[in-house]
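[1] generate coordinates for the sequence data below:
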Amino acid sequence: MRFLLVFALLLTLFLNESSAQSSNQGNIELSGSLGPAFGGGKTSFYGNAELNYFMSSNMSLTAGYEYLQDRHSFILGNRIYFVPDFHFSMKGVLVSQTDFALGGGYSRGIADNVALQINGDWYFARKMFALSFGLAFRI
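    Residues are numbered from 1 along each chain as shown. Presented below is the predicted three-dimensional model:
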């Protein structure tokens, strides 16, 4: 687990350095999504609301709220965009149950500053996969 965290940090720093001059730098995105979560032979409800601050065109810092397995949690993490519409995400889940999630997603613009999103995240401590669909608004 330590190796994974160190690798993620180094990857984040490398990608942030490689494209510091960006037209998206400083933009803020508000997103929310809902969907099912699968694990332990059960399907549960998943929902979240996130605020993403774009440090560069390919990286954003994330903070938000998450509801999974009847628990409310605070999340902190980041997204790395390898290509404009696809992202890789890492987030720590805090408060009700500490966990770490890795995932990815796709965003498709439907209007100026509005996008549809699909995200998938694997939660290591809970051994669950959450699939969510939602909207993002660029502020």
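[2] all contacts plus neighbour counts: C-alpha atoms, from now on.
    Noted.
[3] once you drop chain neighbours, what's closest to the residue nearest to the spatial centre of the chain?
    The centroid of the chain falls nearest to S89 when counting by Cα atoms, centre = their mean (4.6 Å). Closest residue to S89 apart from its sequence neighbours, by Cα to Cα, 6 or more residues apart in numbering: R79 at 4.4 Å.
[4] could you give the bridge partners of that neighbour?
    S60, S89 (DSSP bridges).
[5] can you check G64 too?
    Here G64, judged by DSSP bridges, has bridge partners E50, I75.
[6] correct me if wrong: it contacts G47.
    No. If you go by Cα atoms under 8 Å, G64 and G47 don't touch, sitting 10.9 Å apart.
[7] any common contacting residues for these two?
    Here G64 and G47 share no contacting residue, scored by Cα atoms under 8 Å, 6 or more residues apart in numbering.
[8] which parts of the protein are strands?
    28-39, 42-56, 59-68, 71-83, 86-95, 99-111, 114-123, 128-138 (DSSP state E).
[9] tabulate the ones you listed (JSON lines), appending mean pLDDT.
    Putting these into JSON lines (pLDDT from 0 to 100) gives the following:
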{"stretch": "strand 28-39", "mean pLDDT": "94"}
{"stretch": "strand 42-56", "mean pLDDT": "94"}
{"stretch": "strand 59-68", "mean pLDDT": "95"}
{"stretch": "strand 71-83", "mean pLDDT": "93"}
{"stretch": "strand 86-95", "mean pLDDT": "94"}
{"stretch": "strand 99-111", "mean pLDDT": "95"}
{"stretch": "strand 114-123", "mean pLDDT": "96"}
{"stretch": "strand 128-138", "mean pLDDT": "95"}
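[10] brilliant, that's me finished.
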